[in-house]
Structures are given as structure tokens and as C-alpha cells.
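*Asks:* predicted structure and sequence below. I'll ask about it afterward.
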Amino acid sequence: MQKTVIIGSKNPTKVQAVRNIFQTSEVNSLDVPSNVSIQPFSDEETRMGAVNRAKACAASSSGAIGIGLEGGVMYVDETLFLCNWGALATGDGKLYTASGARIAIPKEIEEELKITGELSTVMDAYTKKENVRSHEGAIGIFTNNCITREDMFTHVVQLLKGQYEFANFNHK
Ligand SMILES: O=P(O)(O)OP(=O)(O)OP(=O)(O)OC[C@H]1O[C@@H](n2cnc3c(O)ncnc32)[C@H](O)[C@@H]1O
Ligand SMILES: [Mg+2]
């Protein structure tokens, strides 16, 4: 693919996920605001953060594809899950979205999250590591590193690229 791809984050797990999928494109990163809470607490809000980032990136450079990736949490009944959303926006107003794999968050982490308000703070304290969000991520910790944050976002970006290609290059 010839177009430049701009990912709206400097987080290395997100940037690398885009590089993994858009291997033949120039991939640039841009720190843009999500314009949602620091810790989104629903699918809707998390998806909105991804969409806002993707649109800001697409608007920043003529002809480029913008990608936003956003992490959050959401309840299914009484259980809190990790949720992640991605969005791909084009300069001519097209938008594609996709969500990532989700797993339940242990109750003790959920309780801490309600007190401190941000998962990254809770994860660093829980693991006694620094900057878990930029490495294996919460999903890496809670899956014993079977699926890292980069793996999960790579799949989301693959879903975005596939939808983009279906819409633009499907000449059945
Ligand atoms: O620089 P940006 O792109 O903002 O990267 P980030 O790591 O802050 O990631 P998000 O804003 O998308 O995530 C929203 C919040 O959810 C938390 N979070 C989400 N997924 C996480 C993970 O896998 N590990 C640790 N914290 C996570 C983190 O506290 C963020 O403030
Ligand atoms: Mg953030």
C-alpha cells in the first residue's frame, strides 16, 4: 500500500502494531488527543477515543490514512473486561472501526481501579513494574504473556486494514 499511515499515539505497542500490518507503507506516529476520559469505562467511550484519534491523524496530512487505537474497560453484567477499539479514517471521510479481544479483569484489580481511576497506575503497582502499558500491557499480564498488548492491537489493525481493502479494492 502506497499511502502514508499515521498512528495517533507514541505508545510503542500501538506504533508497532501498525507497522506489523502496514509493512509496505510509511508509518508515522503523532501524539493526538483522544478527547475522552483518561480511563474510558464503556465500549462507546473507548471506540469514540479511537475514532477521535484516527480523524485527527487523517486531518493532519493530506491523503494519509489515520489510525486510532484506544484502551478501556467495560462491564458485561457484573464482570469488568478489558476492551480495546481501533479506528481507520481517510481524508475523504471514510471510517472503519473494530474491537479487540477482551478478557475479564480480576476483582482485586477492579477494586483498585475504582479507587485510583487509571488502569496503568494499578497495573504498575500490582506487577511492581514500570510502564506496563508500553510493554506487555494488562492483557499480557492477565494471559501470562500469551497475548501481549502489541499482539492484541496488531489483530485490531489487521481488522481495520481488511475492512478498508474490502471497501476499496473488492472487485468481485
Ligand atoms: O499514549 P496513549 O496512546 O494514550 O497510550 P496509553 O497507554 O495511555 O493507552 P490508552 O490511552 O489507549 O489507554 C487508555 C487507558 O487505559 C489504560 N490501559 C488500557 N490498556 C492498558 C494496558 O494493557 N495496560 C495498562 N494500562 C492500560 C491506561 O491507563 C490508559 O490510561
Ligand atoms: Mg492514554
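*Replies:* Alright, I've got the coordinates. Ligands and ions are numbered 1, 2, ... in the order given.

*Asks:* quick check: the spatially closest residue to Glu118 that is not a sequence neighbour vs Gly86, distance?
*Replies:* Leaving aside its sequence neighbours, Glu118 sits nearest to Gln39 (C-beta to C-beta, 6 or more residues apart in numbering; 4.8 Å). All C-beta atoms are positioned from the backbone trio N, CA, C, and that covers glycine. From Gln39 across to Gly86, the span is 18 Å (C-beta to C-beta, to the nearest Å).

*Asks:* related to what we said a few turns ago, which SS state does the residue nearest to Glu118 fall under?
*Replies:* coil (DSSP: H, G, I helix; E, B strand; the rest coil).

*Asks:* near ligand 1, which residues of the protein are found?
*Replies:* The chain comes close to ligand 1 at residues 9-11, 14, 38-39, 70-72, 118-120, 123, 132-133, 137-139, 149, as judged by C-beta under 6 Å from any ligand atom.

*Asks:* give me that answer again for 8 Å
*Replies:* 8-11, 13-14, 31, 34, 38-40, 46, 49, 53, 69-73, 82, 84, 118-124, 132-134, 136-141, 149 (C-beta under 8 Å from any ligand atom).

*Asks:* thinking again about what came up before, and Gln39 and Gly86? Which one has more around it.
*Replies:* Taking neighbours as other C-beta atoms under 10 Å, Gln39 and Gly86 compare with Gly86 leading, 30 against 18.

*Asks:* give me the buried subset of the residues of the chain next to ligand 1.
*Replies:* 8-9, 11, 13-14, 34, 39-40, 46, 49, 53, 69-73, 82, 84, 119-123, 132-133, 136-141, 149 (16 or more other C-beta atoms under 10 Å).

*Asks:* and those residues, which of them are in helices?
*Replies:* Among those, DSSP state H puts 13-14, 46, 49, 53, 119-123, 137-141, 149 in helices.

*Asks:* now the two most distant members of those residues.
*Replies:* Arg53 and Ile141 (24.2 Å; C-beta to C-beta).
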